[in-house]
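Undergrad: Predicted model and sequence below, questions to follow.
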Amino acid sequence: MPALRSKDESLARRCIGLSAGGFAVCLTALTLAAGTARAESANAVPKFASAIFGWQSNLEDWEDPPPGAGHGPIKNDPVYPFRNNTEGNRAGTGATKRITNTKDPVLKPWAAAQIQATNDEILQGVRDIPFTAQARCYPGGVPGQLLWPFEPVYFIQTPKEVWMIWQRDHLVRRIYLTDKHSEKVKPSWFGESIGHYENGDTLVVDTIWLSTQKNSYIDNFRTPHSEKLHVVERFTIGKDGKSLTAVVKVEDPDTFNAPLTLSKRWFKVDLPMIEVVCSENNDDHFNQNLYPIPQAEKPDF
(Lines give C-alpha, C1' and ligand atoms only; values in the text may rest on other atoms or scores of the structure.)
Protein backbone atom coordinates (compact mmCIF):
# COMPACT_ATOMS: atom_id res chain seq x y z
CA MET A 1 0.00 0.00 0.00
CA PRO A 2 1.40 3.45 -0.83
CA ALA A 3 2.23 5.89 1.92
CA LEU A 4 -0.90 7.59 3.19
CA ARG A 5 -1.37 11.31 2.91
CA SER A 6 -1.73 13.28 6.16
CA LYS A 7 -5.55 13.32 6.07
CA ASP A 8 -5.54 9.53 5.53
CA GLU A 9 -3.26 9.08 8.56
CA SER A 10 -5.77 11.07 10.61
CA LEU A 11 -8.60 8.86 9.34
CA ALA A 12 -6.61 5.75 10.31
CA ARG A 13 -6.17 7.02 13.86
CA ARG A 14 -9.92 7.67 14.15
CA CYS A 15 -10.67 4.07 13.09
CA ILE A 16 -8.95 2.70 16.18
CA GLY A 17 -11.34 2.03 19.05
CA LEU A 18 -14.55 2.09 17.02
CA SER A 19 -17.19 -0.65 17.24
CA ALA A 20 -16.98 -3.55 14.80
CA GLY A 21 -19.48 -1.96 12.42
CA GLY A 22 -17.92 1.46 12.67
CA PHE A 23 -14.45 0.02 12.18
CA ALA A 24 -15.58 -1.77 8.98
CA VAL A 25 -16.99 1.47 7.54
CA CYS A 26 -13.84 3.34 8.51
CA LEU A 27 -11.62 0.64 7.01
CA THR A 28 -13.58 0.82 3.73
CA ALA A 29 -13.00 4.58 3.57
CA LEU A 30 -9.33 4.07 4.29
CA THR A 31 -9.05 1.43 1.55
CA LEU A 32 -10.71 3.77 -0.96
CA ALA A 33 -8.27 6.52 0.01
CA ALA A 34 -5.32 4.17 -0.52
CA GLY A 35 -6.76 3.13 -3.88
CA THR A 36 -6.93 6.77 -4.92
CA ALA A 37 -3.29 7.21 -3.91
CA ARG A 38 -2.33 4.19 -6.00
CA ALA A 39 -4.23 5.50 -9.01
CA GLU A 40 -2.55 8.88 -8.70
CA SER A 41 0.85 7.17 -8.51
CA ALA A 42 0.09 4.98 -11.55
CA ASN A 43 -1.03 7.97 -13.59
CA ALA A 44 1.98 10.10 -12.66
CA VAL A 45 4.21 11.10 -15.56
CA PRO A 46 7.84 10.08 -15.03
CA LYS A 47 10.40 12.73 -15.87
CA PHE A 48 12.40 11.52 -18.85
CA ALA A 49 12.80 15.00 -20.35
CA SER A 50 15.03 17.94 -19.57
CA ALA A 51 16.99 20.57 -21.47
CA ILE A 52 19.92 20.05 -19.12
CA PHE A 53 20.25 16.26 -18.93
CA GLY A 54 20.14 13.27 -21.25
CA TRP A 55 20.62 9.50 -21.03
CA GLN A 56 23.83 7.83 -22.20
CA SER A 57 25.08 4.28 -22.61
CA ASN A 58 28.64 3.19 -23.29
CA LEU A 59 27.58 -0.31 -24.36
CA GLU A 60 27.12 -1.06 -28.06
CA ASP A 61 25.07 -4.26 -27.89
CA TRP A 62 21.96 -5.67 -26.29
CA GLU A 63 22.24 -7.12 -22.81
CA ASP A 64 20.56 -10.29 -21.58
CA PRO A 65 16.92 -9.90 -20.48
CA PRO A 66 15.63 -10.50 -16.95
CA PRO A 67 15.54 -14.16 -15.87
CA GLY A 68 12.65 -16.11 -17.33
CA ALA A 69 12.05 -13.66 -20.18
CA GLY A 70 12.77 -16.19 -22.92
CA HIS A 71 15.25 -16.00 -25.78
CA GLY A 72 17.69 -13.12 -25.42
CA PRO A 73 19.63 -11.20 -28.09
CA ILE A 74 21.41 -12.64 -31.09
CA LYS A 75 25.12 -12.95 -30.27
CA ASN A 76 28.48 -13.76 -31.81
CA ASP A 77 29.45 -17.11 -33.24
CA PRO A 78 31.21 -18.95 -30.36
CA VAL A 79 34.03 -19.83 -32.75
CA TYR A 80 34.72 -16.12 -33.18
CA PRO A 81 34.55 -14.45 -29.74
CA PHE A 82 33.65 -10.78 -29.96
CA ARG A 83 35.47 -8.12 -27.93
CA ASN A 84 34.82 -4.42 -28.27
CA ASN A 85 37.63 -1.88 -27.99
CA THR A 86 37.47 -1.69 -24.20
CA GLU A 87 37.35 -5.46 -23.72
CA GLY A 88 40.09 -5.99 -26.30
CA ASN A 89 42.37 -3.51 -24.57
CA ARG A 90 41.80 -5.19 -21.22
CA ALA A 91 42.56 -8.61 -22.71
CA GLY A 92 45.56 -7.33 -24.62
CA THR A 93 44.19 -8.75 -27.86
CA GLY A 94 42.61 -5.66 -29.41
CA ALA A 95 39.06 -5.50 -30.69
CA THR A 96 37.61 -8.32 -32.74
CA LYS A 97 34.85 -8.29 -35.38
CA ARG A 98 31.21 -9.23 -34.99
CA ILE A 99 30.78 -12.64 -36.61
CA THR A 100 27.17 -13.57 -35.89
CA ASN A 101 25.92 -16.94 -34.69
CA THR A 102 23.81 -18.03 -37.66
CA LYS A 103 23.24 -21.43 -36.04
CA ASP A 104 20.95 -19.92 -33.42
CA PRO A 105 17.73 -21.99 -33.80
CA VAL A 106 15.56 -18.91 -33.27
CA LEU A 107 16.49 -17.66 -36.76
CA LYS A 108 14.40 -18.57 -39.81
CA PRO A 109 16.55 -20.03 -42.63
CA TRP A 110 16.37 -16.91 -44.83
CA ALA A 111 17.51 -14.69 -41.96
CA ALA A 112 20.40 -16.99 -41.07
CA ALA A 113 21.46 -17.08 -44.74
CA GLN A 114 21.38 -13.28 -45.03
CA ILE A 115 23.47 -12.85 -41.89
CA GLN A 116 25.92 -15.51 -43.06
CA ALA A 117 26.45 -13.57 -46.28
CA THR A 118 27.58 -10.58 -44.22
CA ASN A 119 29.76 -12.88 -42.09
CA ASP A 120 31.41 -14.19 -45.26
CA GLU A 121 32.20 -10.66 -46.42
CA ILE A 122 34.21 -10.16 -43.25
CA LEU A 123 35.80 -13.62 -43.09
CA GLN A 124 36.84 -13.48 -46.74
CA GLY A 125 38.26 -9.99 -46.46
CA VAL A 126 35.71 -8.35 -48.78
CA ARG A 127 35.04 -5.81 -46.02
CA ASP A 128 37.38 -5.07 -43.17
CA ILE A 129 34.69 -3.77 -40.82
CA PRO A 130 31.12 -5.07 -40.39
CA PHE A 131 28.26 -2.61 -40.85
CA THR A 132 26.91 -0.75 -37.82
CA ALA A 133 24.33 1.99 -38.23
CA GLN A 134 25.95 4.58 -35.95
CA ALA A 135 29.36 4.19 -37.60
CA ARG A 136 28.01 4.78 -41.10
CA CYS A 137 25.39 7.45 -40.32
CA TYR A 138 22.30 5.30 -40.92
CA PRO A 139 19.19 5.46 -38.74
CA GLY A 140 19.21 2.53 -36.34
CA GLY A 141 15.53 1.66 -36.76
CA VAL A 142 13.45 0.15 -33.97
CA PRO A 143 14.74 -1.20 -31.70
CA GLY A 144 18.29 -0.88 -33.08
CA GLN A 145 18.44 2.90 -32.60
CA LEU A 146 18.57 2.33 -28.83
CA LEU A 147 22.07 0.89 -29.25
CA TRP A 148 23.74 4.15 -30.26
CA PRO A 149 26.55 4.53 -27.71
CA PHE A 150 28.73 7.26 -26.18
CA GLU A 151 26.38 10.16 -26.93
CA PRO A 152 23.13 10.95 -25.08
CA VAL A 153 19.53 10.60 -26.12
CA TYR A 154 17.16 13.34 -24.95
CA PHE A 155 13.40 13.30 -24.42
CA ILE A 156 10.67 15.87 -24.97
CA GLN A 157 7.33 15.12 -23.26
CA THR A 158 4.01 16.75 -24.13
CA PRO A 159 0.45 15.66 -23.26
CA LYS A 160 0.06 13.98 -26.66
CA GLU A 161 3.57 12.98 -27.75
CA VAL A 162 6.99 11.92 -26.50
CA TRP A 163 10.02 12.65 -28.66
CA MET A 164 13.35 10.86 -28.44
CA ILE A 165 16.16 12.95 -29.92
CA TRP A 166 19.64 11.51 -30.34
CA GLN A 167 22.52 13.95 -30.11
CA ARG A 168 24.26 12.25 -33.04
CA ASP A 169 22.69 13.71 -36.17
CA HIS A 170 19.70 14.87 -34.06
CA LEU A 171 17.62 11.92 -35.23
CA VAL A 172 14.05 12.20 -33.92
CA ARG A 173 11.62 9.42 -33.04
CA ARG A 174 8.01 10.35 -32.19
CA ILE A 175 5.83 8.35 -29.82
CA TYR A 176 2.11 9.18 -29.85
CA LEU A 177 0.34 8.87 -26.50
CA THR A 178 -2.70 6.95 -27.69
CA ASP A 179 -3.94 3.37 -27.41
CA LYS A 180 -4.65 2.64 -31.08
CA HIS A 181 -2.44 2.26 -34.14
CA SER A 182 -3.38 3.73 -37.50
CA GLU A 183 -5.10 1.32 -39.87
CA LYS A 184 -2.41 1.77 -42.51
CA VAL A 185 0.89 3.64 -42.46
CA LYS A 186 3.71 3.61 -44.99
CA PRO A 187 6.54 1.60 -43.37
CA SER A 188 9.54 3.68 -42.29
CA TRP A 189 12.79 3.45 -40.30
CA PHE A 190 11.04 4.22 -37.00
CA GLY A 191 7.58 2.93 -37.93
CA GLU A 192 4.56 4.09 -35.95
CA SER A 193 5.05 4.17 -32.18
CA ILE A 194 2.21 4.60 -29.69
CA GLY A 195 2.67 4.68 -25.93
CA HIS A 196 1.36 5.20 -22.42
CA TYR A 197 2.75 5.62 -18.92
CA GLU A 198 2.57 2.98 -16.20
CA ASN A 199 3.33 2.85 -12.46
CA GLY A 200 4.62 6.40 -12.34
CA ASP A 201 8.07 5.37 -13.61
CA THR A 202 7.60 3.60 -16.97
CA LEU A 203 6.86 4.52 -20.58
CA VAL A 204 5.47 1.61 -22.62
CA VAL A 205 5.90 1.92 -26.39
CA ASP A 206 4.32 -0.29 -29.07
CA THR A 207 5.76 -0.03 -32.60
CA ILE A 208 4.71 -1.52 -35.97
CA TRP A 209 4.94 -0.48 -39.64
CA LEU A 210 8.75 -0.83 -39.70
CA SER A 211 10.36 -0.88 -43.12
CA THR A 212 12.83 -3.43 -44.42
CA GLN A 213 15.12 -0.92 -46.09
CA LYS A 214 18.67 -2.05 -46.78
CA ASN A 215 20.77 -2.15 -43.62
CA SER A 216 17.75 -1.96 -41.31
CA TYR A 217 18.71 -4.32 -38.49
CA ILE A 218 17.56 -4.88 -34.92
CA ASP A 219 21.13 -5.01 -33.59
CA ASN A 220 24.81 -4.61 -34.46
CA PHE A 221 25.05 -8.29 -35.42
CA ARG A 222 23.16 -7.44 -38.63
CA THR A 223 20.00 -9.35 -37.68
CA PRO A 224 17.30 -8.50 -40.26
CA HIS A 225 13.53 -8.39 -39.91
CA SER A 226 10.39 -8.45 -42.03
CA GLU A 227 7.57 -5.90 -42.19
CA LYS A 228 5.75 -8.03 -39.61
CA LEU A 229 8.18 -6.81 -36.95
CA HIS A 230 6.34 -5.80 -33.76
CA VAL A 231 8.34 -4.18 -30.94
CA VAL A 232 7.19 -3.41 -27.40
CA GLU A 233 9.60 -1.37 -25.24
CA ARG A 234 9.29 -0.64 -21.53
CA PHE A 235 11.44 2.33 -20.48
CA THR A 236 11.75 2.54 -16.69
CA ILE A 237 13.51 5.19 -14.64
CA GLY A 238 15.46 3.85 -11.65
CA LYS A 239 14.33 4.68 -8.14
CA ASP A 240 17.28 7.04 -7.72
CA GLY A 241 16.31 8.91 -10.90
CA LYS A 242 19.82 8.46 -12.27
CA SER A 243 19.35 5.39 -14.46
CA LEU A 244 17.08 4.30 -17.30
CA THR A 245 16.39 0.72 -18.38
CA ALA A 246 14.59 -0.64 -21.41
CA VAL A 247 13.22 -4.17 -21.69
CA VAL A 248 12.33 -4.80 -25.32
CA LYS A 249 10.18 -7.61 -26.73
CA VAL A 250 10.67 -8.32 -30.43
CA GLU A 251 8.18 -10.43 -32.36
CA ASP A 252 8.46 -11.23 -36.06
CA PRO A 253 7.02 -14.62 -37.12
CA ASP A 254 8.57 -14.35 -40.59
CA THR A 255 12.10 -13.92 -39.16
CA PHE A 256 12.19 -15.62 -35.74
CA ASN A 257 10.85 -18.91 -34.43
CA ALA A 258 10.13 -17.30 -31.06
CA PRO A 259 10.05 -13.79 -29.58
CA LEU A 260 13.31 -12.16 -28.50
CA THR A 261 13.62 -10.18 -25.27
CA LEU A 262 16.41 -7.60 -25.11
CA SER A 263 17.65 -5.25 -22.42
CA LYS A 264 19.45 -1.88 -22.45
CA ARG A 265 20.65 0.52 -19.72
CA TRP A 266 21.55 4.21 -19.68
CA PHE A 267 22.88 6.60 -17.03
CA LYS A 268 21.89 10.23 -16.60
CA VAL A 269 24.36 12.83 -17.91
CA ASP A 270 23.94 16.42 -16.75
CA LEU A 271 24.78 18.00 -20.08
CA PRO A 272 22.72 19.95 -22.62
CA MET A 273 22.53 18.68 -26.19
CA ILE A 274 25.25 19.84 -28.57
CA GLU A 275 25.36 19.75 -32.35
CA VAL A 276 26.94 16.59 -33.76
CA VAL A 277 26.89 15.90 -37.50
CA CYS A 278 27.66 12.28 -38.31
CA SER A 279 28.40 12.33 -42.03
CA GLU A 280 31.23 14.87 -42.12
CA ASN A 281 34.59 13.27 -42.98
CA ASN A 282 33.21 9.73 -42.97
CA ASP A 283 34.87 8.69 -46.20
CA ASP A 284 36.70 5.38 -46.62
CA HIS A 285 40.13 6.88 -45.89
CA PHE A 286 41.92 3.55 -45.39
CA ASN A 287 40.32 1.64 -48.30
CA GLN A 288 38.46 -0.80 -46.06
CA ASN A 289 35.50 -1.14 -48.43
CA LEU A 290 33.19 0.44 -45.84
CA TYR A 291 29.49 0.69 -46.50
CA PRO A 292 28.89 4.11 -48.08
CA ILE A 293 27.07 6.66 -45.96
CA PRO A 294 23.52 7.57 -47.01
CA GLN A 295 23.35 10.13 -49.80
CA ALA A 296 20.31 12.22 -50.74
CA GLU A 297 19.28 11.82 -54.39
CA LYS A 298 17.95 15.36 -54.49
CA PRO A 299 18.13 18.38 -52.17
CA ASP A 300 15.41 18.98 -49.60
CA PHE A 301 15.01 22.61 -50.64
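TA: Perfect, thanks for sending it.

Undergrad: Quote the end-to-end distance of stretch 248-259.
TA: The separation between the terminal residues of stretch 248-259, taken as CA to CA, to the nearest Å, is 10 Å.

Undergrad: now that stretch, how far from the chain's geometric center?
TA: Distance, stretch centre to chain centre, for stretch 248-259: 16 Å (CA atoms, centre = their mean, to the nearest Å).

Undergrad: Compute the mean per-residue pLDDT across it, please.
TA: With pLDDT averaged residue by residue, stretch 248-259 scores 98.

Undergrad: And stretch 189-209, by the same measure?
TA: The predicted confidence, averaged over stretch 189-209, sits at 96.

Undergrad: which residue packs closest to residue 154, ignoring adjacent ones?
TA: With CB to CB, 6 or more residues apart in numbering as the criterion, residue 154 has its nearest non-adjacent residue at 4.4 Å, and that residue is residue 54. Placement of C-beta: from N, CA and C, glycine included.

Undergrad: no, scratch that, I was asking about residue 269
TA: Across the structure, with CB to CB, 6+ apart as the measure, the residue nearest residue 269 apart from its sequence neighbours is residue 56 (4.7 Å).

Undergrad: That neighbour reaches residue 266, doesn't it?
TA: Yes: with contacts counted by CB atoms under 8 Å, residue 56 reaches residue 266, the gap being 5.8 Å.

Undergrad: any residues in contact with both of the two?
TA: Common contact partners of residue 56 and residue 266 (CB atoms under 8 Å, 6 or more residues apart in numbering): residue 153.

Undergrad: neighbour-wise, which of the two wins?
TA: When residue 56 is set against residue 266 and neighbours are counted by other CB atoms under 10 Å, the residue ahead is residue 266, at 23 against 18.

Undergrad: beta partners of that one?
TA: Per DSSP bridges, residues listed as beta-bridge partners of residue 266: residue 244.

Undergrad: dump the residue contacts of it.
TA: When contacts are taken as CB under 8 Å, 6+ apart, residue 266 is in contact with 55-57, 153, 243-245.
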